[in-house]
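J.: what's the 3D shape of this:
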Amino acid sequence: MFKKAITPRISETNMTRHIGHNAIPVWLEEGYADILRLFNPDLSDPGLIMVNLNVDFLKEIFLGKDVEVRTGVKKIGSSSFVLYQEIHQEGRLCVRASTTFVHFDYTTHKPVPIPASAYDMLKAHLTHS
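T.: Take a look at the predicted model:
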């Protein structure tokens, strides 16, 4: 499981003085960047397309305290995989998310099999959450 610390910014707060829902997908993306690097280390063309994002907002997140984004692999198919992510603040689970990616050929606009090397690295990060 990958872990990434993020410091909430004042610009991410909303009228109710907690972090707005629009900041969360950005943080999730920061959390799964290391997974994308398994396909292309410099992120120039990982050959992936996001096809689904589900986010459960469980608790408020506040300015002034870092959060930790935890990212693991929930499921791997032949051309797709599902990530499982959590965002924690001060020991509280605040957000739970799953994101589905498809390994994609942008020339043919069709899914293609996940390369064996990336498949093995994804498998190393399987989580039971």
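J.: Sheet-wise, list the partners of the one helix or strand Lys4 maps to with their directions.
T.: When elements are assigned from DSSP states H and E, Lys4 belongs to strand 2-6. The strands that strand 2-6 pairs with in its sheet are strand 67-76 (antiparallel) (by DSSP bridges).
J.: Give me the next element, helix or strand, following the strand it pairs with.
T.: On the C-terminal side of strand 67-76, the closest following helix or strand by DSSP H and E is strand 80-89.
J.: outside of whatever helix or strand comes next after that next one, which residues touch it?
T.: Counting by DSSP H and E, the next helix or strand C-terminal to strand 80-89 is strand 92-105. Counting contacts by C-beta atoms under 8 Å, 6 or more residues apart in numbering, the residues outside strand 92-105 that touch it are 24, 28, 32, 39, 47-61, 67, 74, 79-88, 110-115, 118. Using the backbone N, CA and C atoms, a C-beta is placed for each residue, glycine as well.
J.: make it 6 Å
T.: Counting by C-beta atoms under 6 Å, 6 or more residues apart in numbering, the neighbours of strand 92-105 from elsewhere in the structure are 24, 28, 47-56, 58-59, 61, 79-87, 111-112, 114.
J.: if we can go back for a sec, chain center to the strand holding Lys4, what's the gap?
T.: Relative to its parent chain, strand 2-6 has a centroid offset of 10 Å by C-alpha atoms, centre = their mean, to the nearest Å.
J.: If you count neighbours, what's buried in that strand?
T.: Of the residues in strand 2-6, those with enough neighbours to count as buried (16 or more other C-beta atoms under 10 Å) are Phe2, Lys4, Ile6.
J.: Now tabulate those in TSV and tack on distance to Asn14.
T.: Below are those laid out as TSV (distance: C-beta to C-beta, whole Å):
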residue	distance to Asn14
Phe2	27
Lys4	22
Ile6	17
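J.: which of the residues you listed lies closest to Gly20?
T.: The closest of the buried residues of strand 2-6 to Gly20 turns out to be Ile6 (C-beta to C-beta; 14.2 Å).
J.: Now do that closest one against Asp45, distance only.
T.: Taking C-beta to C-beta, to the nearest Å as the criterion, Ile6 is separated from Asp45 by 25 Å.
J.: again, but for Val73
T.: Distance from Val73 to Asp45, by C-beta to C-beta: 21 Å.
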